[in-house]
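K.L.:
sequence unavailable; structure follows:
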């Protein structure tokens, strides 16, 4: 394991003063431990498929928790196919109180070393950043949350309700472990999903705002198929499976679902507009006021950062057809991937797509795996107060408001069981530094100090 920079005081060098949080002070034991756990975690190749090291990573994390005071019999590691998940319980003083769950995942998206500037599974701290697969999504955040919990244990904190730390092992793929965990913990009072939410930094490093995620869209895949008797390519016919499917895909591609808002997204646009300028700020304000405003819709729909926030989106992601170069196609298929606005049923979306395709020869089939419909979580006053207080302690004056995730996370499984789940990661990033799922993933190490303070405040308040 190669470490370019070991000292936290050096690691903070070059960051914006607003992000250092007294970075010239010596690193605390919790801060040092957080970085060490993160680096060790990144070194495990916890990727689905042959050689998946997620079970070994779970065993390492368990050893850290046990060394920090967790009881061995309060931590379980459950193998599932080629992966595993971990659940650790810190018993509270009131056995009747429902538990507070900290949710995350320890698997990562595949990363090919040949494509990266640095080996993705060799953690490197350089120029104020931690590099490696999982630095952003989300081994670094998991390490900081663990370090904060262990510090609370060292200081003698006693929660009233159980605090449960759980890490799924296939969130990036099938979410089989995610579903199993949510089923086991469906009696929880609340879930803090540290794989969602987070802070935004301006390009000069100044914190702009922090959002917690109170909703996420439902993931769905629909398979479109056109079949035909086929024939010899020298005798073309009017009905051609590839042509018919292509025409339907064009109609779907040109279609826009009716824009929608809920309490979470309306608040997001109102608050986010205060930190934007020009047409995008005007569009945010106008859309929040009137989701049928065509001018506002056009501006937001043209921006990849916001098109997913204004309603359901569907896009063609795969297509195949034909069986021989010199034969008319007997079959053509395509996959349409949809991210569905909370509260809308996948069956209704598939029916709408079928109407848009406008060709009875196009057969639709729901082929979704690893997803369930979920509604937005309620805007609970206790959570909002606790997260606002925690952020005020670490980033005074930074606005705090809700947002909706356009992607999918483990929160969906808890919401499916009626358990409120909130994306509550304290990590701050510039838009230009977000390389989740991409090459050369990195996150500023200056996040460590404020994030530990944030977790201690948030967990103290919500576990009472």
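P.N.:
That came through, no problem. Just so it is clear, the structure is predicted and the values come from calculations on it, not from any experiment.
K.L.:
can you show me the helices along the stretch 351-464 of the chain?
P.N.:
Using DSSP state H, counting those that start in this stretch, the helices of the stretch 351-464 of the chain run over residues 381-394, 411-416, 448-462.
K.L.:
okay, now residue 163: neighbour count?
P.N.:
For residue 163, the count of nearby residues is 22 (other C-beta atoms under 10 Å). (Glycine included, C-beta is placed from N, CA and C.)
K.L.:
phi, psi of the spatially closest residue to it that is not a sequence neighbour?
P.N.:
Nearest non-adjacent residue to residue 163, counting by C-beta to C-beta, 6 or more residues apart in numbering: residue 90, 4.3 Å away. In terms of degrees, to the nearest 10, the main-chain angles of residue 90 are phi -110, psi 100.
K.L.:
ok, now which ones touch residue 90?
P.N.:
70, 74, 149, 153, 159, 162-165 (C-beta atoms under 8 Å, 6 or more residues apart in numbering).
K.L.:
pretty sure residue 373 is touching residue 349, no?
P.N.:
No. Residue 373 is beyond contact range of residue 349, at 10.3 Å (criterion: C-beta atoms under 8 Å).
K.L.:
comparing the two, which residue is more hemmed in?
P.N.:
Between residue 373 and residue 349, counted using other C-beta under 10 Å, residue 349 has the larger neighbour count: 22 against 18.
K.L.:
tell me the pLDDT of that one.
P.N.:
Per-residue pLDDT puts residue 349 at 98.
K.L.:
report the secondary structure state of it.
P.N.:
Under DSSP: H, G, I helix; E, B strand; the rest coil, the three-state class of residue 349 is helix.
K.L.:
isn't it right next to residue 340, touching?
P.N.:
Yes. Counting by C-beta under 8 Å, residue 349 touches residue 340, with 5.5 Å between them.
K.L.:
so what sits against both of those two?
P.N.:
Shared contacts of residue 349 and residue 340, defined by C-beta under 8 Å, 6+ apart, comprise 220, 312.
K.L.:
which residues are in contact with residue 253?
P.N.:
Residue 253 makes contact with 315-316, according to C-beta under 8 Å, 6+ apart.
K.L.:
backbone dihedrals for it, please?
P.N.:
Per degrees, to the nearest 10, the backbone of residue 253 is at phi -60, psi -30.
K.L.:
for residue 89, see how far away residue 372 is.
P.N.:
Using C-beta to C-beta, to the nearest Å, residue 372 is found at 25 Å from residue 89.
K.L.:
before we move on, what about residue 27?
P.N.:
Here residue 27 is placed at a distance of 29 Å from residue 89 (C-beta to C-beta).
K.L.:
and if you look at residue 190?
P.N.:
Per C-beta to C-beta, residue 190 is found 15 Å from residue 89.
K.L.:
same question, residue 52
P.N.:
Taking C-beta to C-beta as the measure, residue 52 falls 25 Å from residue 89.
K.L.:
go on, residue 320?
P.N.:
To residue 89, residue 320 is 47 Å away according to C-beta to C-beta.
K.L.:
quick one, which of the two is more surrounded?
P.N.:
Between residue 320 and residue 89, residue 89 has the larger neighbour count (other C-beta under 10 Å), namely 18 against 12.
K.L.:
between residue 373 and residue 349, what contacts are shared?
P.N.:
residue 340.
K.L.:
which residues touch residue 321?
P.N.:
Counted by C-beta under 8 Å, 6+ apart, residue 321 has contacts 241-242, 245, 329, 331-333.
K.L.:
same check, this time on residue 311
P.N.:
By C-beta under 8 Å, 6+ apart, the contact set of residue 311 is 256-260, 341.
K.L.:
10 Å - rerun?
P.N.:
Shown in contact with residue 311 (C-beta atoms under 10 Å, 6 or more residues apart in numbering): 217, 256-261, 265, 291, 297, 300-301, 339-341, 344.
K.L.:
show only the entries of those found in helices.
P.N.:
Judged by DSSP state H, the subset of the contacts of residue 311 located in helices is 265, 297, 300-301.
K.L.:
just the pLDDT for residue 90.
P.N.:
On the pLDDT scale, residue 90 gets 98.
K.L.:
show me what contacts residue 392?
P.N.:
With C-beta under 10 Å, 6+ apart, residue 392 has these contacts: 398, 400, 454, 457.
K.L.:
show me where the stretch 1-150 of the chain has strands.
P.N.:
With DSSP state E, counting those that start in this stretch as the criterion, the stretch 1-150 of the chain has strands at 75-80, 83-90, 100-105, 124-126, 129-131.
K.L.:
and what of the stretch 301-450 of the chain?
P.N.:
For the stretch 301-450 of the chain, the strands defined by DSSP E, counting those that start in this stretch occupy 313-321, 327-328, 331-340, 363-366, 400-405, 421-423, 428-430, 442-444.
K.L.:
name every strand pairing with the fourth one and say which way it goes.
P.N.:
Spelled out, it's strand 363-366. strand 218-227 (antiparallel) (DSSP bridges).
K.L.:
now do the strand it pairs with against strand 331-340, angle only.
P.N.:
Angular relation of strand 218-227 and strand 331-340 on a 0 to 180 degree scale: 160 degrees, by axes from the mean of the first three to the mean of the last three C-alpha atoms, to 10 degrees.
K.L.:
pull out the buried positions in strand 218-227.
P.N.:
Neighbour-count burial for strand 218-227, with 16 or more other C-beta atoms under 10 Å as criterion, is recorded at 218-222, 224-226.
K.L.:
which among those gets closest to residue 172?
P.N.:
Using C-beta to C-beta, residue 219 is the member of the buried residues of strand 218-227 that lies nearest residue 172, at 12.5 Å.
K.L.:
tell me the contacts of the nearest residue to the closest one once chain neighbours are set aside?
P.N.:
Leaving aside its chain neighbours, residue 219 sits nearest to residue 371 (4.0 Å; criterion: C-beta to C-beta, 6+ apart). Going by C-beta under 10 Å, 6+ apart, residue 371 touches 175, 179, 217-221, 340, 346, 408, 412-413, 416.
K.L.:
residue 186 sits in which helix or strand?
P.N.:
Residue 186 belongs to no helix or strand when assigned by DSSP states H and E.
K.L.:
look at the closest residue to residue 224 other than its chain neighbours and report its pLDDT.
P.N.:
Of all residues not flanking residue 224 in the chain, residue 334 sits nearest, at 4.7 Å (C-beta to C-beta, 6+ apart). Note for residue 334: predicted pLDDT of 98.
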